[in-house]
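Colleague: sequence and predicted structure are below.
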Amino acid sequence: MGRILTEKDVEPAVKGGSVYAAGGGGWADHGRMLGYAAVNVGKPELVSVEELSDEAWIATAAAIGAPASTTPWEMQGIDYIKAAQLLQDALGERLAGLIVGQNGKSSTLNGWLPSAVLGTKVVDAVGDIRAHPTGDMGAIGMASSPEQMIQTAVGGNRAENRYIELVVKGATAKISPVLRTAADQSGGFIASCRNPLRASYVKTHAALGGISMALTLGEAIIAAEGKGGSAIIDAIVKTTNGAILTEGKVTKKAVVYTSEAFDVGTVTVGSGDSATVLHVMNEYMAVEDAGGNRIATFPDVITTLSPEGEPLSVGQLQEGMTIFVLHVPKTVIPLSSSVKDPAVYPPVEKALGISIADYALA
């Protein structure tokens, strides 16, 4: 049976989502805004995909862009609702539910407001348990499909007349970049609803249970909060079935913002023989030891935590900080067909200059 999401679920979704954000950005405050708006305006319902008929339409609710605090982005809750409405209108049939492309500080909650207002279910499935740099990685196998899809985008900075509403149809690979451009024009961050697919397809291609995994993790974090940082870190390790790979000081941060709107580079923890290098493309994509041996690779969950147990995004890291590196191997998490799709890796490998696919597809 489905569960009605309430005010008590907002903070766990944000906190659990922040760990699965894997160093990615997003804003916890944006997640809280979406969650509280949803539970105050209606009754968003979390359901397993099994509760929907095979023929039911499910789309992906996502936020697109890599908005720095320097860009004039503005995204309102209504934008997520309008994006879902536009997709439903273009489809000509009712949307039964929404999944999200990935967990994250706010993305875990992207489907809640449309659910509260339009009655679409929050489907307990994600395109990827953790956050990732490209939309293809959460596209549940549609990245290289020739099938015509519908994608919508809504939002933008109103005061600067950057507000955009967009409905585009075509093969996913050709229309996803159009939405990225719209995000840039709108001020850096835009709400989208895309790729309506039958529930039968979602059942076999998405990472099932991804939303409840974030909620369970968030609840464990909150339960440990009165007991100090090490208790929170222990709770995160235990609940995720992960391990702490290393702890140490950030000795070097070499991450640059590229023209493709990605943060790319490396973060080094510790020094000498005990140094560990984290490879970054918006999120943490791989970890190597001082000898260059690979010790963790996407789609493993890789997250940096402060000694207080707070998940830190790449942007928050500064040289001299002490951090813990959490590693959850891909063998203990549900994997979607997008992370098993060879087509999603070449752009990421090119940006990072390292191999990811060898491990991810093994």
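Modeller: Received it, and whenever you're ready, just let me know what you need.
Colleague: when you work out contacts or count neighbours from here on, use the C-alpha atoms and nothing else.
Modeller: OK.
Colleague: tell me how the chain divides into domains.
Modeller: 3-210, 228-360 (automatic domain parsing).
Colleague: deepest in the core, which of those is it.
Modeller: domain 3-210 (a mean of 22; mean count of other CA atoms under 10 Å).
Colleague: how long is that one end to end?
Modeller: 15 Å (CA to CA, to the nearest Å).
Colleague: now the stretch 51-200 of the chain, which segments are flagged as low pLDDT?
Modeller: Applying pLDDT under 70 to the stretch 51-200 of the chain flags the ranges 66-70.
Colleague: any chance you could map the helices in it?
Modeller: In the stretch 51-200 of the chain, the segments counted as helices under DSSP state H, counting those that start in this stretch are 77-91, 112-118, 172-186, 199-205.
Colleague: helices or strands up against the first one?
Modeller: With contacts defined as 3 or more CA pairs under 8 Å, 6 or more residues apart in numbering; DSSP states H and E, helix 77-91 has these neighbours: helix 28-41, helix 112-118, strand 148-155, strand 164-171, strand 190-198.
Colleague: how far off centre is it?
Modeller: Mean C-alpha position of helix 77-91 versus that of the full chain (CA atoms, centre = their mean, to the nearest Å) differs by 20 Å.
Colleague: neighbouring contacts of it?
Modeller: Under the contact criterion CA atoms under 8 Å, 6 or more residues apart in numbering, helix 77-91 has outside partners 33-34, 37, 61, 94-95, 110-111, 113-114, 117-118, 150-155, 165, 167, 191-194, 196.
Colleague: how near is M33 to V39?
Modeller: Here M33 is placed at a distance of 10 Å from V39 (CA to CA).
Colleague: likewise M321?
Modeller: When distances are taken as CA to CA, M321 and V39 turn out to be 37 Å apart.
Colleague: ok so, going back, dump the helices of the stretch 51-200 of the chain into a markdown table; add distance to T304 as well.
Modeller: Below are these laid out as a markdown table (distance: least, CA to CA, whole Å):
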| stretch | distance to T304 |
| --- | --- |
| helix 77-91 | 29 |
| helix 112-118 | 27 |
| helix 172-186 | 27 |
| helix 199-205 | 28 |
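Colleague: do I have it right that G141 meets H205?
Modeller: Yes - in this structure G141 lies within contact range of H205 using CA atoms under 8 Å: 7.0 Å.
Colleague: now do the shared contacts for these two.
Modeller: The overlap between the contact sets of G141 and H205 (CA under 8 Å, 6+ apart) consists of S337, S338.
Colleague: check contacts around the residue lying closest to F298 once chain neighbours are set aside.
Modeller: Ranked by CA to CA, 6 or more residues apart in numbering and with sequence neighbours excluded, the top spatial neighbour of F298 is M285, at 5.1 Å. When contacts are counted by CA under 8 Å, 6+ apart, M285 is found next to L278, H279, T297, F298, P299, I302, I356.
Colleague: residues contacting the fifth one?
Modeller: Looking back up the chat, that one is P299. Each residue near P299 by CA under 8 Å, 6+ apart is listed here: R130, M285, P329, K330, V339, A360.
Colleague: with those residues in mind, which one is nearest to K238?
Modeller: When those are compared for distance to K238, the smallest value, 13.1 Å, is given by P329; criterion: CA to CA.
Colleague: just the pLDDT for the residue nearest to the closest one when sequence neighbours are not counted.
Modeller: What sits nearest to P329 in space, not counting adjacent residues and going by CA to CA, 6+ apart, is D300, at 4.7 Å. Looking at D300, its pLDDT reads 98.
Colleague: hang on, isn't D300 packed against V328?
Modeller: Yes - judged on CA under 8 Å, D300 makes contact with V328 at a distance of 5.6 Å.
Colleague: the host helix or strand of T303 pairs with which strands?
Modeller: Assigned by DSSP states H and E, T303 belongs to strand 301-305. Under the criterion DSSP bridges, strand 301-305 sits next to strand 311-312 (antiparallel), strand 322-328 (antiparallel) in its sheet.
Colleague: what's the distance between the shortest one and the middle of its chain?
Modeller: Relative to the mean C-alpha coordinate of its chain, strand 311-312 is positioned 14 Å out (CA atoms, centre = their mean).
Colleague: before we move on, what about stretch 348-362?
Modeller: Averaged C-alpha coordinates place stretch 348-362 at 19 Å from its chain's average position (CA atoms, centre = their mean).
Colleague: for that stretch, which outside residues touch it?
Modeller: Contacting residues not belonging to stretch 348-362 are listed as 264-265, 279-281, 285-286, 297-299, 339-342, 345 [CA under 8 Å, 6+ apart].
Colleague: and it, how far apart are its ends?
Modeller: For stretch 348-362, the first-to-last residue distance is 17 Å (CA to CA).
Colleague: gap between the nearest residue to V339 once chain neighbours are set aside and G17?
Modeller: Ranked by CA to CA, 6+ apart and with sequence neighbours excluded, the top spatial neighbour of V339 is M137, at 5.9 Å. Taking CA to CA as the measure, M137 falls 17 Å from G17.
Colleague: follow-up on the earlier one: the inter-axis angle of the helix or strand containing the residue nearest to F298 versus strand 322-328?
Modeller: M285 is part of strand 283-289 when elements are defined by DSSP H and E. Between strand 283-289 and strand 322-328, the angle formed by their directions is 100 degrees, by axes from the mean of the first three to the mean of the last three CA atoms, to 10 degrees.
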